[in-house]
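**Student:** return a 3D structure for these sequence lines:
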Amino acid sequence: MRPQVVAHRGASAATAEHTLGAYLEALDQGAEALECDIRLTADGHLVCIHDRDLLRTAHREGLVSTLELSDLDRLDFAAWKEWSDLDDEAETRDVGLGRVLTLRRLFETVAAQDRRVEIAIETKHPTRYGGLVERRLVELLTEFGWEGLGSPVRVMSFSFTALQRVARLAPGLDVVLLVENARSWSMLRRMVDPDWIVGPGIVELTEVPDLGQRLVAVGRRVHVWTVNTEAELRLCLDLGVEAVITDKPAYIHSLLDRAGR
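**Tutor:** Reported below is the predicted structural model:
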């Protein structure tokens, strides 16, 4: 089985994560799905940002949850990674592709594609807005007609409670319980609905080999993050995982082609 190749925060090895530029590059690289993290702004907009603060990706102080969308829209979220301004021979960077990306804009981009592209959305917790994040997400999904069976969207979280909330608000959606360590799965496995997808990290699968084997043995659907090397991909192929989340979609596609998958 060829696993689905999911672009982690876009083609984030090559382009600044969570920007429109990163997602357009991921689509160009053939990604079959796009992964994003979402946070809620002070005025109620869902934006694609991983960190709770802006220091790493926008080089300024401040929490995403305390700022309005207009505040974020004035910032450059790509300059930290894209150094073309310092290279006289580089192509001029499109600053618009490095602005804050709303989830609505990402949905519109995906909806405009001439092929099916899926979206794996991670809701970040803890957050000052609690369950409002999932409620706003389901409201937006409903606008696009993506809240039920057959939706191109699945929702992921390390928070068991957040996924319970999604399952209640939109029971037709796939949900993915992200697992950072084997011990957490040992505690949760009896509570997790058998239809839920499990999303272990590649580091834990490598360090605790029987974790993946146990998941596969009981028939769990498995999506793995973040897979960037040939050895990591081989481990996933040996387990028969359903999806691999990667910073390098083109490279992973090339490895799969070489392996005859």
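**Student:** out of the helices and strands in the chain, which is least certain?
**Tutor:** helix 182-188 (a mean of 86; mean pLDDT, DSSP states H and E).
**Student:** by contact count, what packs against that one?
**Tutor:** Contacting helix 182-188 under the criterion 3 or more CB pairs under 8 Å, 6 or more residues apart in numbering; DSSP states H and E are the following elements: strand 174-179, helix 209-217. Backbone N, C-alpha and C define where each C-beta goes, glycine included.
**Student:** what's the offset of stretch 166-176 from the middle of its chain?
**Tutor:** The chain centroid and the centroid of stretch 166-176 are separated by 16 Å under CA atoms, centre = their mean, to the nearest Å.
**Student:** ok, the nearest residue to Trp185 once chain neighbours are set aside - contacts?
**Tutor:** If the residues on either side of it in the chain are set aside, Trp185 comes closest to Val179, at 4.8 Å by CB to CB, 6 or more residues apart in numbering. Residues touching Val179, when contacts are defined by CB atoms under 8 Å, 6 or more residues apart in numbering, comprise 158, 185, 188, 198-201, 204, 211.
**Student:** and if you look at Val138?
**Tutor:** Residues touching Val138, when contacts are defined by CB under 8 Å, 6+ apart, comprise 147, 166, 169-170.
**Student:** export those residues to JSON lines and tack on pLDDT and neighbour count?
**Tutor:** As requested, the contacts of Val138 are arranged in JSON lines below (pLDDT from 0 to 100; neighbours: other CB atoms under 10 Å):
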{"residue": "Glu147", "pLDDT": "98", "neighbour count": "19"}
{"residue": "Val166", "pLDDT": "98", "neighbour count": "26"}
{"residue": "Leu169", "pLDDT": "98", "neighbour count": "18"}
{"residue": "Ala170", "pLDDT": "98", "neighbour count": "21"}
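**Student:** out of those residues, flag the one nearest to His18.
**Tutor:** Val166 (20.7 Å; CB to CB).
**Student:** so what's that closest one up against?
**Tutor:** For Val166, the contacting residues are 123, 134, 137-138, 155, 157, 173, 175, taking CB under 8 Å, 6+ apart as the criterion.
**Student:** what do you get for Arg261?
**Tutor:** Arg261 makes contact with 1-3, 237 under the criterion CB under 8 Å, 6+ apart.
**Student:** got the confidence number for Glu91?
**Tutor:** Each residue has a pLDDT score; the one for Glu91 is 62.
**Student:** same thing with Ser84?
**Tutor:** pLDDT recorded at Ser84 is 47.
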